[in-house]
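Novice: Sequence plus predicted model, see below.
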Amino acid sequence: KMHAEIEIAGDFVVSFLTDLSMEKIEELHYNLSKILTDRYEGHWYPGRPNKGNAYRCLNVSSAVVDPVLRQAIRRSGLKESQVTSYFPENLSVWVDPNEVSYRVGDRGPTETL
């Protein structure tokens, strides 16, 4: 029920990691997907997709790394600095029922994946 959206979000997040080995990218994708699945259990409302929207948002900036992404990075045996430098500044990814969207910057347009 939420697995397609989590897969899309994971694919998008790891698409930025151009210089890591395929093995590390796949491991990070797996760990991120597992953590998101566990986290969203009980917070997934297909009939009301905006409910819990902020809870299902991943944020990455030079100052703050989302705790979910931080946990996936560590479980994958990577350092934050190995991963976060690839992301654009102020990246937000929303994983909602039937839609995965993102925004780069505080005022950028929101795009649907």
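Specialist: Yep, that arrived. Here the structure is a predicted model, which means the values were calculated and not measured.
Novice: Work out for me the element the closest residue to residue 73 other than its chain neighbours sits within.
Specialist: Spatial nearest neighbour of residue 73, chain neighbours left out: residue 83 (5.2 Å); criterion: CB to CB, 6 or more residues apart in numbering. No exception for glycine: its C-beta is placed from N, CA and C like everyone else's. Per DSSP states H and E, residue 83 falls inside helix 80-84.
Novice: related to what we said a few turns ago, please name the residues that touch the residue nearest to residue 73.
Specialist: Residue 83 sits next to 17, 20, 28, 69, 73 when contact means CB atoms under 8 Å, 6 or more residues apart in numbering.
Novice: same question, residue 99
Specialist: 5, 49, 112.
Novice: want to throw those residues into a markdown table with neighbour count?
Specialist: Shown next, in a markdown table, are the contacts of residue 99 (neighbours: other CB atoms under 10 Å):
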| residue | neighbour count |
| --- | --- |
| 5 | 22 |
| 49 | 16 |
| 112 | 8 |
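Novice: Tabulate those residues (a markdown table), appending distance to residue 37.
Specialist: As requested, the contacts of residue 99 are arranged in a markdown table below (distance: CB to CB, whole Å):
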| residue | distance to residue 37 |
| --- | --- |
| 5 | 10 |
| 49 | 17 |
| 112 | 21 |
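Novice: out of those residues, who's nearest residue 43?
Specialist: Nearest to residue 43 among the contacts of residue 99 is residue 49, at 11.5 Å by CB to CB.
Novice: any idea of the mean pLDDT for stretch 27-40?
Specialist: Stretch 27-40 comes out with an average pLDDT of 96.
Novice: Run a quick neighbour tally on residue 69.
Specialist: Residue 69: 24 surrounding residues under other CB atoms under 10 Å.
Novice: And it, how close does it get to residue 49?
Specialist: Distance, residue 69 to residue 49, using CB to CB, to the nearest Å: 22 Å.
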